[in-house]
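Colleague: Build me a structure from this.
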Amino acid sequence: MSHGKQFTLFSHKGGPNGWKIAFLLEELGLTYETIFLDFQKGEQKGPEHTKYNPNGRIPTLVDHKNGDFAIWESNAILTYLAETYDKEEKVSFSTGLEKYEQLQWLFFQASGQGPYFGQGFWFKMYHAEKIPSAIERYQNEAKRVIGVLDGVLSKSEWLVGNKYTIADLSFITWHYAAVNSLLDNYDCSKEAPHVDAWYKKMLARPAIAKVFAARAEISKA
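Modeller: As a prediction, this is how the structure comes out:
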């Protein structure tokens, strides 16, 4: 593995969670190399990856300037990067009650948005048997999660402490997937206008736009 850049990120071209880490690395101006694992070949379960991540899932991040420290689970990675490399708290909180509010939203993203949206995609696009009740359940749960966010964002510009943080960033990719593929006949600008405005504000950030542009190029390859 080349150590020319500080981090190696194990990711997947289509999977939402790996791109979340790229967002933060770009926001913090950190250098990284991404290795996109081929799930069709089972590379995520191969020894070159599982020696860093025994769960054999993505993302996994290796910090070469910190003794090749390896960490997995996307929101744990976001927390590690923020606490280690965002000392000026540009996009995070490291003290006070805001630190725990930030953690709260990271847990909600990991326990609510990610699993519900992921199961929605599975039953809509990949499950061998079409089960309309399962598709409906997870689409409704996706809408419920978006509704929770919309209620909070109707009273505040950002999720924590009136500034953009990793809490906000953590929701971008799964929301993108939901409004573009998972939810049928769903207009977020009408159904959840505060979420829609928040999401579009994040897409306009240079770091986020840069990663989405790279993702689009990679998807063409």
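Colleague: Local confidence estimate at residue 219?
Modeller: pLDDT for residue 219: 80.
Colleague: Now it: closest residue in space that isn't a chain neighbour?
Modeller: Excluding the flanking residues, the one nearest residue 219 by C-beta to C-beta, 6 or more residues apart in numbering is residue 13, at 6.3 Å. For the C-beta atoms, the positions are set from N, CA and C on the backbone; glycine is no exception.
Colleague: which stretches of the protein form strands?
Modeller: 7-11, 32-36, 60-63, 69-72 (DSSP state E).
Colleague: The second one vs strand 7-11, what angle?
Modeller: Okay, so that is strand 32-36. Interaxial angle of strand 32-36 relative to strand 7-11 (axes from the mean of the first three to the mean of the last three C-alpha atoms, to 10 degrees): 20 degrees.
Colleague: what's strand 32-36 packed up against?
Modeller: strand 7-11, helix 16-27 (3 or more C-beta pairs under 8 Å, 6 or more residues apart in numbering; DSSP states H and E).
Colleague: just to revisit the earlier point, the residue nearest to residue 219: how many residues sit nearby?
Modeller: 15 (other C-beta atoms under 10 Å).
Colleague: hang on, it packs against residue 216?
Modeller: No: contact criterion C-beta atoms under 8 Å: residue 13 and residue 216 do not qualify, at 10.8 Å.
Colleague: Report the angle between the helix or strand bottoming out on mean pLDDT in the chain and helix 16-27.
Modeller: In the chain, no helix or strand scores lower on mean pLDDT, DSSP states H and E than helix 114-121, which sits at a mean of 87. Orientation check (the same axes, to 10 degrees): helix 114-121 against helix 16-27 gives 130 degrees.
Colleague: what about dumping the CA coordinates of the helix ranked longest in the chain to CSV?
Modeller: Criterion DSSP state H: the longest helix present in the chain is helix 132-153. Taking C-alpha atoms only, helix 132-153 is exported to CSV below (Å, rounded to 0.1, in the frame of the first residue of the first chain):
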residue,chain,number,x,y,z
PRO,A,132,-44.8,-4.6,-1.8
SER,A,133,-45.4,-4.5,2.0
ALA,A,134,-41.7,-4.4,2.7
ILE,A,135,-41.0,-1.8,0.1
GLU,A,136,-43.8,0.3,1.5
ARG,A,137,-42.6,-0.1,5.1
TYR,A,138,-39.1,1.2,4.4
GLN,A,139,-40.2,3.9,2.1
ASN,A,140,-42.5,5.2,4.8
GLU,A,141,-39.7,4.9,7.4
ALA,A,142,-37.5,7.0,5.0
LYS,A,143,-40.2,9.6,4.9
ARG,A,144,-40.5,9.5,8.6
VAL,A,145,-36.8,10.1,9.1
ILE,A,146,-36.9,13.0,6.7
GLY,A,147,-39.8,14.3,8.6
VAL,A,148,-37.9,14.2,11.9
LEU,A,149,-35.1,16.2,10.3
ASP,A,150,-37.5,18.7,8.7
GLY,A,151,-39.1,19.4,12.1
VAL,A,152,-35.8,20.2,13.7
LEU,A,153,-34.5,22.2,10.6
